[in-house]
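Visitor: Return a 3D structure for these sequence lines:
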Amino acid sequence: MLPQRDLGAQPDVWIPAASITSLRVLAEQSAAAGTAAKLDSLGSVAYTPMVLAVPAEAGRKPDPADRPAPLADLVAGVRDGGVDGTEPYQVLRPDPEGGDGALLSTTALYGTDDRRPTDVEAVLTDDRLPPQPTARDLMCGLADGSRNELEDRAAVLIPEQTVALFNLPSASGEAGAVGRPACASDVLEHRAARYPTDVPVLDLPFFRVAWSGADRDAAAREQVVRDFYDWLAEDPEARAVFVRDGFRTGPSGKPSLPAAASPLTAKANEGAVSLLLPPSNPPTSASEVTETLRDYRQALGPGRVLYLLDDSTSMEDNRVWSGPGRAKDLVARSTASIGPDDTFGVWGLSPGDAANHTEPVPFGRPDPDPGPAREAIGRAPAVNKNARVLDGLRDGLSELRSGQEGPVPRLLVLVTDDEDSADLRGEDVRALVETATDGPPVRVVTVSLRGGGCAPGLLNHRLAEATGGRCLDAADDLATELTAEVAKTGTGDAR
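Guide: The predicted structure is shown next:
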């Protein structure tokens, strides 16, 4: 739980996608020697199962593989191709770091005795589409028109409600009409859901959050929270919103058959979804899911992380260069996520005339003692030159892609005050985004040290969005969030 990032200082309500997430939070609090918050479960507000959504090819006959089965068997079935010579499908899944459903699905795949995480990740990786944070982002990525071959040959691990929405035709324009999401083209292949028997249903549990020491108006707040839950769980208008989005409703713990107004019952989804949910295994344990996340982060081996540090004079003038929570401190602290087997470096982007960058920490294997690298970052001076942001980004992408091939985790981190990128020409930004997405995947995380630096359309946002990365700005807890982003690639202590 990161309430200061997303929800304010002390949220009263938390609705994760799956109950298992609350158990992980409580376990992590216990391990951290202190309970910051108590969670009181009031029940589930809606349900949707995870499914393997396979393109519904015209004229295709029913196949025994369509029946509910363990997820590993379903994946193997679509990867092996058909007996009639049909090509195998590429299997894709949202990033397990960002969603409960993807993480629970990955737990099911890793738990198969004869499969290793490295083998599973090799099956679920495709250079044409970097990992996406959510199921919706994944489907929008397939539907953006630039991956036509992958678009119709990808089986995707996503919630049933997402399949149902993307199978719909475009909205009619009538008030209240429900159609496919705006990002989806009309030619996106319909998909049929195959139901795994070993992935728990996403149950959207409603928790009242009671924070340690937050006693002011406690009774009134608790009553408002309970009234809000009762409204979500029982009011017809509230239930209609869940139904319209393709979720199943019903008594707590018991999803019902889809209502008549549900996309699940629409003509476009006839034969694509099962109205009666097949049984699935009881929820996995918090420790299993935590182990899966650890194994996922390590499955592809050591990572490659390169920091691009804007060291122009404006960084010092704007007071974002030195000191706690500022540029150099953010970079130095986030190197806790770098392990001894990773490759990393720090480049300065204001080098003068001879090169496009300086190297406070040369790109390579780190010293087992992190002290010297952090000291080198701390000694780096601001330079009376403009930052070569475009050149540095191009060179950084090239450096990360050189040498080691295969599904290697690669991360490029840009830390800047945006002064030297604010006036970049649109064609230069477009060309850079194309370079960032053309080749072995490199996730780009941009850190803007001024307000509004992650606004849509700006370089920071466009690079992060195109590569499956993230844009962080002054609204975020930069030290915590940057360390967490680096931990997705590095193998250090921050995990």
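Visitor: only C-alpha atoms for contact and neighbour calcs from this point on.
Guide: OK.
Visitor: Quick check: phi and psi on Phe166?
Guide: Phe166 adopts backbone torsions of phi -70, psi -20, taken as degrees, to the nearest 10.
Visitor: Give me the neighbour count for the nearest residue to it once chain neighbours are set aside.
Guide: Residue nearest to Phe166 in three dimensions, not counting chain neighbours: Arg180, with 4.9 Å by Cα to Cα, 6 or more residues apart in numbering. By other Cα atoms under 10 Å, the residues close to Arg180 number 19.
Visitor: mind listing what the host helix or strand of Val447 pairs with, with the direction of each?
Guide: Per DSSP states H and E, Val447 falls inside strand 443-448. Looking at strand 443-448 with DSSP bridges, its partner strands are strand 410-416 (parallel), strand 470-472 (parallel).
Visitor: The ones you listed into a markdown table, with extra columns for distance to Ala108, mean neighbour count and mean pLDDT?
Guide: Converted to a markdown table, these look like this (distance: least, Cα to Cα, whole Å; neighbours: other Cα atoms under 10 Å; pLDDT from 0 to 100):
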| stretch | distance to Ala108 | mean neighbour count | mean pLDDT |
| --- | --- | --- | --- |
| strand 410-416 | 26 | 26 | 95 |
| strand 470-472 | 27 | 24 | 93 |
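Visitor: Which element, helix or strand, includes the residue nearest to Phe166?
Guide: Judged by DSSP H and E, Arg180 forms part of no helix or strand.
Visitor: burial of the closest residue to Pro351 other than its chain neighbours, as a residue count?
Guide: Once flanking residues are discounted, Pro351 sits nearest to His357: 5.0 Å by Cα to Cα, 6+ apart. His357 is flanked by 25 other residues according to other Cα under 10 Å.
Visitor: give the contact list for His357.
Guide: His357 makes contact with 347-351, 388, 392 under the criterion Cα atoms under 8 Å, 6 or more residues apart in numbering.
Visitor: Recalculate using a threshold of 6 Å.
Guide: Contacts for His357 (Cα atoms under 6 Å, 6 or more residues apart in numbering) come out as 347-349, 351.
Visitor: need the contact list for Ser212.
Guide: Applying Cα under 6 Å, 6+ apart, we find Ser212 in contact with 36-37.
Visitor: Please report the distance of it from Leu124.
Guide: 41 Å (Cα to Cα, to the nearest Å).
Visitor: now, the most widely separated pair of the contacts of His357?
Guide: Using Cα to Cα, those span at most 9.5 Å, a distance reached by Trp347 and Pro351.
Visitor: on that earlier part again, show me the one of the strands paired with strand 443-448 that comes nearest Met315.
Guide: Checked against Cα to Cα, the stretch from the strands paired with strand 443-448 lying closest is strand 410-416, at 7.6 Å.
Visitor: next helix or strand past that closest one?
Guide: Strand 410-416 is succeeded, C-terminally, by helix 426-437 (DSSP H and E).
Visitor: what does the average pLDDT come to for that following helix?
Guide: Mean pLDDT, computed over helix 426-437, is 91.
Visitor: Could you do stretch 44-51 as well?
Guide: Mean pLDDT, stretch 44-51: 95.
Visitor: Same question for stretch 230-244.
Guide: If you average the pLDDT over stretch 230-244, you get 94.
Visitor: And it, how far out from the chain middle?
Guide: 28 Å (Cα atoms, centre = their mean, to the nearest Å).
Visitor: got a list of contacts for that stretch?
Guide: Looking at what lies outside stretch 230-244 - Cα under 6 Å, 6+ apart - the contacts are 45, 262.
Visitor: Kindly check the end-to-end length of that stretch for me.
Guide: Using Cα to Cα, one end of stretch 230-244 lies 19 Å from the other.
Visitor: Now it: buried residues?
Guide: By 16 or more other Cα atoms under 10 Å, the buried positions in stretch 230-244 come out as 232-233, 239-240, 242-244.
Visitor: Name the nearest of the residues you listed relative to Arg410.
Guide: Closest approach between those and Arg410, by Cα to Cα: Phe242, at 37.9 Å.
Visitor: thinking again about what came up before, quick one: which of the contacts of His357 sit in strands?
Guide: Under the assignment DSSP state E, these contribute 347-348 to strands.
Visitor: hang on, the earlier thing: gap between the strand holding Val447 and the chain center?
Guide: 14 Å.
Visitor: Give me the angle between whatever helix or strand comes next after it and strand 443-448.
Guide: With elements assigned by DSSP H and E, the helix or strand that comes after strand 443-448 is helix 459-467. Interaxial angle, helix 459-467 versus strand 443-448 (axes from the mean of the first three to the mean of the last three Cα atoms, to 10 degrees): 160 degrees.
Visitor: got any ranges where the stretch 351-495 of the chain has weak pLDDT?
Guide: 352-354, 404-407, 492-495 (pLDDT under 70).
Visitor: Let's verify Gly339: helix, strand, or coil?
Guide: coil (DSSP: H, G, I helix; E, B strand; the rest coil).
Visitor: residues near Val169, how many?
Guide: Actually, residue 169 is Pro. It isn't Val. When neighbours are defined as other Cα under 10 Å, Pro169 has 18 of them.
Visitor: Would you mind measuring from it to Asp198?
Guide: 31 Å.
Visitor: Arg450 too?
Guide: Separation of Arg450 from Asp198 (Cα to Cα): 46 Å.
Visitor: Please say which of those two ends up with more neighbours.
Guide: Using other Cα under 10 Å, the more surrounded residue of Arg450 and Asp198 is Asp198, with 24 against 17.
Visitor: could the contacts of His357 be laid out in JSON lines, adding neighbour count and distance to Leu188?
Guide: Listed next are the contacts of His357 as JSON lines, based on neighbours: other Cα atoms under 10 Å; distance: Cα to Cα, whole Å:
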{"residue": "Trp347", "neighbour count": "24", "distance to Leu188": "42"}
{"residue": "Gly348", "neighbour count": "27", "distance to Leu188": "43"}
{"residue": "Leu349", "neighbour count": "28", "distance to Leu188": "42"}
{"residue": "Pro351", "neighbour count": "20", "distance to Leu188": "47"}
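Visitor: check contacts around Asp198.
Guide: 70, 280-281.
Visitor: Now restrict these to buried residues only.
Guide: For the contacts of Asp198, buried by 16+ other Cα under 10 Å: 70, 280.
Visitor: just the contacts of Asp198: which has the poorest pLDDT?
Guide: Asn281 (72).
Visitor: Tell me if that one really is in a strand.
Guide: No - under three-state DSSP, Asn281 falls outside any strand and is assigned coil.
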